[in-house]
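> dropping a prediction and its sequence here:
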Amino acid sequence: MTTTQAALSTDLKPAKLAGPAAAAGVAVFTLVLVAAATFGPNLVENDLGMSMSMGMTHYMELLSVHQPRNLIIFMAIPVILAETLAITELSLLFGRSATPQWVRTTSRVAGLVAGPVMLAIFVHLLVHAVVPLTFADGWRGPADVIAVLFYLSGTIPLLGLTLVELGIIGTDAANSLKWHATFIAIFLVVAHVAMIFGMLDPTLLGYRMAHQH
């Protein structure tokens, strides 16, 4: 590597690679969240007696009930973490070595937390929504399935970001930034696809509510 490339790599480096202690801490944090998601209270269960008179997908219903709890857990937290990473990424790219340390720290913390949080959400929805709906044939047409599956697929890029922060993916600064940008872009795309189909009236893609038969 040339002197210029080395300097550029140092300037762009978002944070130093994680040591064994950090990796162990993230592993414990992940296990605690996943255990809570699996064995904790069912956040999906709708005890408000909502009907399908409004023609909404399960994605939209999930965010609509138990407000503001569900909206914060299933939408606000993942999106805020991803957007924090996106904003700090731009700051690192434009500011390079002049980027304040708190920006680098914020990016690092958000990256380490994003994966475990989204994995816990994935497990919770898999246990309490996806599996029960599939066995009960409760999906509300293609829009419903697309919205939920794209939402859950956001787990992959956010886990990828955590692996980048742990130094498992992209072991040098330049590569880690490329992976960061790639995973952030993927998450934002799948999250918006989920949002669009989730807000769609499922009857527009062929679903028919029971009372319409």
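Thanks, I have it.
> list the buried residues of the helix ranked longest in the chain.
Ranked by residue count and defined by DSSP state H, the top helix of the chain is helix 173-199. By neighbour count with 16 or more other CB atoms under 10 Å, helix 173-199 contains the buried residues 173, 176-177, 179-180, 182-184, 186-188, 190-191, 193-195, 197-198. Just so you know, the C-beta spots here come from the backbone N, C-alpha and C atoms, and that holds for glycine as well.
> what do you get for stretch 150-163?
Residues 150-163 are the ones in stretch 150-163 that count as buried (16+ other CB under 10 Å).
> now those residues in a markdown table, with pLDDT and secondary structure?
Below are these laid out as a markdown table (pLDDT from 0 to 100; DSSP: H, G, I helix; E, B strand; the rest coil):
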| residue | pLDDT | secondary structure |
| --- | --- | --- |
| Phe150 | 97 | helix |
| Tyr151 | 97 | helix |
| Leu152 | 97 | helix |
| Ser153 | 97 | helix |
| Gly154 | 96 | coil |
| Thr155 | 97 | helix |
| Ile156 | 97 | helix |
| Pro157 | 96 | helix |
| Leu158 | 96 | helix |
| Leu159 | 96 | helix |
| Gly160 | 94 | helix |
| Leu161 | 94 | helix |
| Thr162 | 94 | helix |
| Leu163 | 93 | helix |
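> contacts only, for the nearest residue to Leu188 once chain neighbours are set aside.
Excluding its sequence neighbours, the residue lying closest to Leu188 (CB to CB, 6 or more residues apart in numbering) is Ala82, at 6.4 Å. Contacts for Ala82 (CB atoms under 8 Å, 6 or more residues apart in numbering) come out as 114, 158, 184, 187-188, 191.
> the same query, at a cut-off of 7 Å, please.
114, 184, 187-188 (CB atoms under 7 Å, 6 or more residues apart in numbering).
> may I see those residues arranged in CSV, with distance to Phe94 and pLDDT as well?
Output for those, formatted as CSV (distance: CB to CB, whole Å; pLDDT from 0 to 100):
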residue, distance to Phe94, pLDDT
Ala114, 22, 95
Ile184, 16, 93
Phe187, 21, 95
Leu188, 19, 93
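> which stretches of this protein have low pLDDT?
The chain contains residues with pLDDT under 70 at 1-18, 46-54, 96, 210-213.
> and if we set it to 80?
Within the chain, the ranges that satisfy pLDDT under 80 run 1-22, 45-55, 92-93, 95-99, 170-174, 208-213.
> got the angle for the helix or strand encompassing Ala147 vs helix 173-199?
Secondary structure from DSSP states H and E places Ala147 in helix 141-153. Note on geometry: by axes from the mean of the first three to the mean of the last three CA atoms, to 10 degrees, helix 141-153 and helix 173-199 are set 150 degrees apart in direction.
> tell me how far helix 141-153 lies from the chain's centre.
With CA atoms, centre = their mean, to the nearest Å as the basis, helix 141-153 stands 14 Å off its chain's centre.
> ditto for stretch 102-118
That offset, for stretch 102-118, works out to 12 Å (CA atoms, centre = their mean).
> same check, this time on stretch 26-38
Its chain's C-alpha centre lies 15 Å from the corresponding centre of stretch 26-38 when counted by CA atoms, centre = their mean.
> just to revisit the earlier point, ok, and what's touching the helix holding Ala147?
Helix 141-153 is contacted from outside by 57-59, 122, 125, 130, 139, 190, 193-194, 197-198, 200, 202, 204-207, using CB under 7 Å, 6+ apart.
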